[in-house]
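Q: sharing a model that was predicted from the sequence below.
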Amino acid sequence: MMRLPVFRLHQPESLSDAMALMASSDGETRLVAGGTDLWPNMKRRHQSADVVVSLNRVAELSGIRGEAGGEVRIGAMTTLAAVAASPIVRAAYPALARAVESISSPAIRNMATLGGNLCLDTRCTYYNQTEEWRTSIDFCLKEGGTICWVAPESPRCWAVSSSDAAPVLCALGARARLVSPAGEREVSVAELYRDDGIDYLTKQPDEVLTEVVLPPSDGVQMSFWKLRRRGSIDFAVLTAAVALRRDDDGVVSEAAVWLGAVASAPVRSEAAEAVLVGNSLTAEVITEAATASRKVATPLDNTDFTLQWRSKMVIHYVEAALREIAGLEQERLAPNHAM
């Protein structure tokens, strides 16, 4: 049985108290939301902490405010189950509901939070192992070692971003509200990430992600597709999120195409967007845009399935998302192509 290391746990009931505890704590301090990522990581000794400040009792960070057709604010401590079940989210942002509903299992979704999913630790075959396994081959860069076992000649860590909510929120143009003792700021969800497996968030250590702000969705068509080995539990090895607007003639006027789990941060395909804008969603345009989306995908051999196959699947999954929006028949590969 893997056990948690010894640490001090604080459970404040207000955001101001939480930030005060973070500022005054001695030693390494971490925030915890639902704990579905941090606790397993601490058990495996991926992450450590002398002090953990839980946000679970901070009521002001939970809840969904707004209405379909207007701006919607989702508290960072709102559980994934609550987000997926929300009538507002399901009506106005169906791709977000689908993405969140695809995460892990019902038990996890009842504990995990939207803010926690956005701050999810990056993953890698050589990192997400027991301490004994990692010790036997020597620690990687993400563990304070001197080598990236995925790309030994590379000076950086290539662990992948596995948040399913992030690509959808990036495609929708959502914003993240960050609060610290020095004040608060709003950044786009896309700006919350940097393409670095270790230092993957731009959020500062003393900042708390308090809520996600979704712009009005009127006129936006969206889709989300996810690839993983099993239909639940498993982390994604590829996600495709698309959001676009079409004029009265069916011509695409705005487009956002984002990929997840192919790099250390969500990745935008501007090449695919350029193909879509100004054109109707014909089968030929969709195939051209999906093919263009592969250019930004750089999967490495650090997660499930072969990297060559995952790279090819980028085209198929972007194509599937676009065909769904266009109302065209789906053409997914049979499951045995994944083996």
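A: Noted; the coordinates are in hand. Numbering: from 1, shown residues only.

Q: would you agree residue 39 falls within a helix?
A: Yes: counting by DSSP: H, G, I helix; E, B strand; the rest coil, residue 39 falls inside a helix.

Q: let me see the mean pLDDT of the helix or strand encompassing residue 171.
A: Element membership for residue 171 (DSSP states H and E) is helix 165-172. Helix 165-172 shows a mean pLDDT of 98.

Q: same deal with stretch 210-218?
A: 97.

Q: on that earlier part again, what packs against the helix holding residue 171?
A: Counting contacts by 3 or more Cβ pairs under 8 Å, 6 or more residues apart in numbering; DSSP states H and E, helix 165-172 is packed against helix 94-101, helix 114-118, strand 208-214, strand 221-227, strand 238-246, strand 252-260. Just so you know, the C-beta spots here come from the backbone N, C-alpha and C atoms, and that holds for glycine as well.

Q: out of the ones you listed, which gets nearest to residue 22?
A: strand 208-214 (8.1 Å; Cβ to Cβ).

Q: and the contacts of that closest one?
A: For strand 208-214, the external contacting residues (Cβ atoms under 8 Å, 6 or more residues apart in numbering) are 15, 18-19, 31, 55, 61, 66, 71-76, 92-93, 96, 114-115, 118-119, 169, 172, 174-180, 184, 186, 189, 192, 203.

Q: about what we covered before: mean confidence score for the following helix or strand past the helix holding residue 171?
A: Where DSSP H and E defines the elements, the next helix or strand beyond helix 165-172 is strand 175-180. The average pLDDT within strand 175-180 is 97.

Q: got the helices and strands packed on helix 165-172 as TSV, with mean neighbour count and distance to residue 9 columns?
A: Converted to TSV, the helices and strands packed on helix 165-172 look like this (neighbours: other Cβ atoms under 10 Å; distance: least, Cβ to Cβ, whole Å):
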stretch	mean neighbour count	distance to residue 9
helix 94-101	23	27
helix 114-118	25	16
strand 208-214	23	17
strand 221-227	24	34
strand 238-246	26	33
strand 252-260	24	31
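
Q: just to revisit the earlier point, next, the angle strand 238-246 makes with the helix holding residue 171.
A: 20 degrees (axes from the mean of the first three to the mean of the last three Cα atoms, to 10 degrees).

Q: OK, contacts around residue 92?
A: 68-69, 72, 214, 217.

Q: what is the least confident helix or strand in this structure?
A: helix 131-137 (a mean of 87; mean pLDDT, DSSP states H and E).

Q: buried residues, that helix. List them.
A: residue 134 (16 or more other Cβ atoms under 10 Å).

Q: packing partners for it?
A: Partner elements for helix 131-137 (3+ Cβ pairs under 8 Å, 6+ apart): none found.

Q: hmm, who's touching it?
A: 44-45, 126-127, 140, 143, 149.

Q: nearest to residue 245 among those residues?
A: residue 127 (39.2 Å).

Q: can you get me a residue count around residue 112?
A: 24 (other Cβ atoms under 10 Å).

Q: for the record, mean pLDDT for stretch 96-105?
A: 97.

Q: next one: that stretch to chain centre, how far?
A: 11 Å (Cα atoms, centre = their mean, to the nearest Å).

Q: now do the same end-to-end measure for it.
A: Using Cα to Cα, to the nearest Å, one end of stretch 96-105 lies 16 Å from the other.

Q: so for the residue lying closest to residue 251 once chain neighbours are set aside, what's the pLDDT?
A: Spatial nearest neighbour of residue 251, chain neighbours left out: residue 280 (5.6 Å); criterion: Cβ to Cβ, 6 or more residues apart in numbering. Predicted confidence (pLDDT) for residue 280: 98.

Q: how far away is residue 280 from residue 162?
A: As judged by Cβ to Cβ, to the nearest Å, residue 280 and residue 162 stand 34 Å apart.

Q: before we move on, back to that, got a quick PyMOL command for the buried subset of the contacts of residue 92?
A: In PyMOL, this line selects whichever of the contacts of residue 92 come out buried by 16+ other Cβ under 10 Å:
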select buried, resi 72+214+217
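
Q: biggest separation within the contacts of residue 92, which pair?
A: 69 and 214 (11.6 Å).

Q: now residue 9: which helix or strand?
A: Judged by DSSP H and E, residue 9 forms part of strand 8-10.

Q: now that strand: how far from the chain's centre is it?
A: Remark: strand 8-10 is offset 27 Å from the chain centroid, using Cα atoms, centre = their mean.

Q: re earlier: for the contacts of helix 131-137, work out which two are farthest apart.
A: Longest span within the contacts of helix 131-137, Cβ to Cβ: 45 and 149, 17.3 Å.
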